[in-house]
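# I would like the atomic coordinates for the input below:
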Amino acid sequence: MKPFPSVRLRIVLWLYTLAWTLGLPAILGYLWLRGRRDPAYLAHLGERFGYYSKPLPGAVWVHAVSLGEMRSAAPLIRALLDRGDRVVTTHFTPAGRAEAERAFAADIAAGRMRAVWVPFETGRAFRRFFRAFRPAFGLVMEVEIWPRMIMAARGAGVPLFLCNAQYPERSFRRDTTRTGLRAEVMRGLAGAFVKSDLQAARFAAVGVPNIHVTGELRFDQAIPPAQLAAAAALRRTLGLDARRTVTIASAVEGEDPVYVAALRTLGVGTAAAAPFIVYVPRRPERFDEVHATLAAAGFRVARRSAVLAADLSQAGPVEADILLGDSLGEMYFYLSLSDCVVVGGGFTPEGAHNIIEPLAVGRPVVTGPVTWPIEYPFAEAAAAGVARGVADAAGLAAALGAGGGPGALPPDPQDIWERKRKEADAIAAFCAAHSGAVARTLAALPPALAATRLTSR
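Coordinates of the predicted model:
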């Protein structure tokens, strides 16, 4: 068996550490620039160097780098807390940390949980982190490969697993046909809890040990009933039950021109039968920019912060073509306002974002052509007829118009409710078939940890 780490990897890790050390002023400069728009980037700065004011020894460590990863981790964190574990979550972006603090405010106040910044990728910072929290084991959500984190955990004797993991085909092909350094780093993990048999085969092919197929945690997310009720009430207030509504969720940089072109084709702002649009940018830093873009395109835009109260009831007139979702933590509300959801990211090379949340509230999904980051469950959802990818703005408008794909308005108005019923049944069956990942992950943890103890002897 080849030694781990190899001489080549040791050299690369040394160069990687040197790059982080020399580049630290630039990294701090980046945080300062981001902090000018979002002060949360600069809060608790000492934590990024491994200094924590409130340690929580023995906690289960969950690394959820940003908002999407935190949302996928939430049902598992809830189950860990409910069975008596303490939890520390680490994040790099304010959105991820804010979601942890919002969703688990009571547990944080009770001292059962901490939400902190992940340390910078240096050995010293991680040694301080391990001294503060002495985690029982760590779970890295999705596929976040941080070399120094993996090696530091290995050196500290902390079993570190990928969790809710998938190995996208593009990444797998790169890692098996080029240098293979990323794959070698992953062999330093204690194991992986993965989404499907296909993902298990890919991780095994590059040498990741101790693999368990546990499914997709997002199918087990709790849906806030207050947000569903608020959406139903607002739909009645605005007359949306008699008007088609489309939510564009998690729109990212570079996609706005695609959506603007599709909305114009659909007659938004000019045709009485055009759909009402709910437009939710991916990042809060884009709220003002997107508002300006939509207004410049000639649409009447109402901001959620201006027309809705804290409880999501109507607080002012919504005389608009588009409701801009300029808030955090209310995605289920925005999704539930709609008849169909367009999931952002799919019209950029980075690829589409999570499609499970709209499916969880019974809404069919359309996204762009780039779906490799969500290979599972997009392929399964498309095969079930509850999700669809389109090539461009024209394809998006066609999918959302009369006679289009999932979520489209039937040509005959008498068919609308029958179409909705069939879609809802298909989506419910799809979600039921893919739920249960939390229970499978909890069941897999003891044998995974036992295997780690055996291999460390």
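
# Flag the shaky bits of the protein, pLDDT-wise.
For the chain, the stretches flagged by pLDDT under 70 are 1-3, 402-417, 454-457.

# Report the secondary structure state of Val280.
Three-state call for Val280 (DSSP: H, G, I helix; E, B strand; the rest coil): strand.

# again, but for Gly267
coil.

# That one contacts Phe276, doesn't it?
No. Counting by CB atoms under 8 Å, Gly267 sits too far from Phe276 to count as a contact (11.9 Å). The way it works is simple: take the backbone N, C-alpha and C, and place the C-beta from them, glycine included.

# With neighbour numbers in mind, choose between the two.
Between Gly267 and Phe276, counting by other CB atoms under 10 Å, Phe276 is the more crowded of the two (22 against 15).

# Just give the nearest non-adjacent residue to that one, would you?
Nearest residue to Phe276 in three dimensions, chain neighbours excluded: Thr245, at 4.7 Å (CB to CB, 6 or more residues apart in numbering).

# Near the one you found, how many other residues are there?
20.

# next one: phi and psi at it?
phi -130, psi 130 (degrees, to the nearest 10).

# All further residue positions should be reported with the first residue as 158.
Okay, using 158 as the starting number, the last item reads as Thr402.

# Surely it and Asp496 touch.
Yes. The criterion here is CB under 8 Å, and Thr402 meets it with Asp496 at 5.4 Å.

# Which neighbours do the two have in common?
Pro432 (CB atoms under 8 Å, 6 or more residues apart in numbering).

# In contact with the residue nearest to Phe433, which residues?
392, 432-435, 494-496.

# and if you look at Ala548?
Ala548 is in contact with 525-526, counting by CB under 8 Å, 6+ apart.

# what's the distance between it and Ala556?
Distance, Ala548 to Ala556, by CB to CB, to the nearest Å: 10 Å.

# same thing with Asp195?
34 Å.

# more crowded one of these two?
Ala556 (22 against 16).

# Bridged to Leu480, which residues?
Val435, Ala459 (DSSP bridges).

# pretty sure it contacts Val425?
No. Contact between Leu480 and Val425 fails when scored by CB under 8 Å: they sit 12.0 Å apart.

# Any chance you could list residues touching both of those two?
Ile434.

# re the thing from before, dump the contacts of Thr402 into CSV; add distance to Ala544 and secondary structure as well.
Shown next, in CSV, are the contacts of Thr402 (distance: CB to CB, whole Å; DSSP: H, G, I helix; E, B strand; the rest coil):
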residue, distance to Ala544, secondary structure
Arg392, 23, helix
Pro432, 19, coil
Phe433, 22, strand
Ile434, 20, strand
Val435, 19, strand
Leu494, 19, coil
Ser495, 14, coil
Asp496, 15, coil
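
# Which residue ranges of the stretch 258-407 of the chain form strands?
270-274, 295-298, 317-322, 348-351, 368-370, 402-408 (DSSP state E, counting those that start in this stretch).

# what's the closest of the ones you listed to Arg610?
Closest approach to Arg610 among the strands of the stretch 258-407 of the chain (CB to CB): strand 348-351, 11.8 Å.

# C-alpha coordinates for that closest one, CSV please?
Output of strand 348-351 as CSV, limited to C-alpha atoms (Å, rounded to 0.1, in the frame of the first residue of the first chain):
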residue,chain,number,x,y,z
GLY,A,348,-14.9,8.2,5.1
ALA,A,349,-17.9,9.5,3.3
PHE,A,350,-21.7,9.5,3.6
VAL,A,351,-22.9,9.8,0.0
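
# Need the contact partners of it.
By CB under 8 Å, 6+ apart, strand 348-351 touches 296, 316, 318-324, 357, 360, 365-371, 598, 601, 605, 608-609.

# Equivalent analysis for stretch 592-608, please.
So stretch 592-608 is contacted by 232-233, 236-237, 240, 294, 316, 318, 320-321, 347-348, 350, 352, 366-367, 369-374, 376-377 (CB under 8 Å, 6+ apart).

# Report the buried residues of that stretch.
Across stretch 592-608, burial judged by 16 or more other CB atoms under 10 Å covers 592, 594-595, 597-598, 601-602, 605-606, 608.

# now stretch 196-216
Counting neighbours by 16+ other CB under 10 Å, stretch 196-216 gives 198, 204-207, 209, 213, 216 as buried.
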